[in-house]
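# here is a sequence with its predicted model. Questions after.
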Amino acid sequence: MHSRTNMKMLRVPALAMFLWGGSTLASFALDPIGTWLTEEGKATVRVADCAGALCGTILSLREPNDPKSGEPKTDSNNVDASKRNRPIVGLQILMALRPQGANKWVGQIYNPEDGKTYDANVVLENADVLKVQGCVLFICETRTWTRKR
């Protein structure tokens, strides 16, 4: 009988530690909001909350000026001719990313290099690695972004 009482006494602290530990882990959930460097370091992108969905905006470019004109790069490849003069810096490239499971979001990504918008899957691998995937039908291309600290 005495050993049963000891077992019950051990369970209560173990349960309390489990519950406390669970809430502590939840408070350190992975969060993609922040500043990211694209795979080849071409751009710095700020991921933020935009009206309940995630969005990403280009903050800076490694090479911000057009090599021919010396002027700031514009969205010259956009399929919509009326948008071709807007600057690349300040351009929103991740749009309407909504949660799709643990550390995963789906939405759209705009690629200023070809002027097209694609379906996007974004996965936060860990606190400092974001996998960004653009897809057309079943063909997808994934890039790895790293958190800029």
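In hand now; what should we look at?
# where does this structure have low pLDDT?
Residue ranges of the chain with pLDDT under 70: 1-29.
# same thing but at 50, please
Within the chain, the ranges that satisfy pLDDT under 50 run 5-28.
# surely residue 117 and residue 96 touch.
No - distance between residue 117 and residue 96: 10.7 Å, which falls outside the contact criterion (CB atoms under 8 Å). For every residue, glycine as well, the C-beta is placed using N, CA and C.
# shared neighbours, those two?
Counting by CB atoms under 8 Å, 6 or more residues apart in numbering, the contacts common to residue 117 and residue 96 are residue 108.
# could you look up the SS state of the spatially most central residue of the chain?
When CA atoms, centre = their mean is applied to the chain, the residue found nearest the centroid is residue 32 (4.8 Å). Under the three-state scheme (DSSP: H, G, I helix; E, B strand; the rest coil), residue 32 adopts coil.
# ok, now which ones touch it?
Going by CB under 8 Å, 6+ apart, residue 32 touches 47, 54, 103, 105, 122, 124, 130.
# list the buried ones in the helix or strand hosting the fourth one?
Same thing as residue 105. Here residue 105, judged by DSSP states H and E, is contained in strand 104-111. Under the neighbour-count criterion of 16 or more other CB atoms under 10 Å, strand 104-111 has 105, 106, 107, 109, 110 buried.
# now do stretch 93-101
93, 94, 95, 97.
# residue 68: which of those residues is nearest?
residue 93 (23.1 Å; CB to CB).
# got the contact list for the residue lying closest to the closest one once chain neighbours are set aside?
Once flanking residues are discounted, residue 93 sits nearest to residue 110: 4.7 Å by CB to CB, 6 or more residues apart in numbering. For residue 110, the contacting residues are 91, 92, 93, 94, 95, 116, 117, 118, by CB under 8 Å, 6+ apart.
# distance of residue 110 relative to residue 57?
With distances taken as CB to CB, to the nearest Å, residue 110 is found 11 Å from residue 57.
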